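> please find the sequence and the predicted model below.
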Amino acid sequence: MLELAILGFLRDEPLHGYDLRTKLAALTGHVRPIADGTLYPMIKRLEAAGLISREAQPGRVAAPRHVLTLTEAGTADLLHRLREPAEPFITDENRWFTLLAFLRHLDDPAAQAAVLRRRLTFLTQPASFFWDGDKPLRAADFDDPFRQGLFTIATATSRTELKWLRSTLADLEG
């Protein structure tokens with residue numbers, strides 16, 4: 001998820017490390033804060049893999065600042081990740097949101113629609129947080145107001161997303 005977000009933000013524009021960290025925190029920091037001990041080694045791995053490049057620029061005060069840029073190979077890698085996302089990017093809400101944040105970088109509406117169709121298929125399968133054997137349980141199956149709340153919130157979120165998916169698919173598939 002973090003790699004996808006790094007590549008996506010650098011596709012938007014070249015960034016200094018601090019600016020990248022700020023954008024990442026805004027997108028994914030609510031899930032898990034991003035430590036420097038995670039971010040900077042990942043940047044080095046992406047750089048070693050030839051997906052991003054780093055260029056020193058004079059700092060405003062003293063030390064030089066490093067600008068990170070997506071390479072041609074990095075762009076190809078990002079587009080591949082967007083076109084053919086791994087299953088967790090379809091089924092896990094936080095990863096899905098990260099993917100969705102950069103899906104606009106696929107220039108092909110059919111490719112965008114294919115990804116949205118995968119999510120639509122996932123969301124329209126029988127699902128529940130709790131099961132009784134093969135039967136999915138619903139809010140009405142519980143006296144517990146907290147579990148009822150869990151189902152109520154999840155159902156409202158899913159309905160909203162399904163409506164958006166169908167509308168956006170209609171636009172993309174014209």
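Structure received.

> where are the low-confidence patches of this structure?
Counting by pLDDT under 70, the low-confidence segments of the chain come to 29-32, 59-60, 62.

> all strands for it, in order.
Remark: strands assigned in the chain by DSSP state E are 15-16, 52-57, 65-70, 131-132, 135-136.

> tell me the buried residues in the second one?
Residues of strand 52-57 classed as buried: 52-53 (neighbour count, 16 or more other Cβ atoms under 10 Å). Bear in mind the C-beta positions are built from the backbone N, C-alpha and C, glycine included.

> contact partners of it?
Outside strand 52-57, the residues that touch it by Cβ atoms under 8 Å, 6 or more residues apart in numbering are 6-7, 10, 43, 46-47, 64-71, 74.

> give me the buried entries from these.
When burial is judged by neighbour count using 16+ other Cβ under 10 Å, the buried members of these are 6-7, 10, 43, 46-47, 66-68, 70-71, 74.

> picking that back up, from the contacts of strand 52-57, pick the one nearest residue 173.
The shortest separation between residue 173 and any of the contacts of strand 52-57 is 26.8 Å, and it belongs to residue 7 (by Cβ to Cβ).

> burial check on the closest residue in space to that closest one that isn't next to it in sequence, number of neighbours?
Leaving aside its chain neighbours, residue 7 sits nearest to residue 78 (4.1 Å; criterion: Cβ to Cβ, 6 or more residues apart in numbering). Residue 78 has 22 neighbours, counted by other Cβ atoms under 10 Å.

> ok, now how distant is the residue nearest the centre of the chain from residue 153?
Closest residue to the average C-alpha location of the chain: residue 98 at 1.2 Å, with Cα atoms, centre = their mean. When distances are taken as Cβ to Cβ, to the nearest Å, residue 98 and residue 153 turn out to be 21 Å apart.
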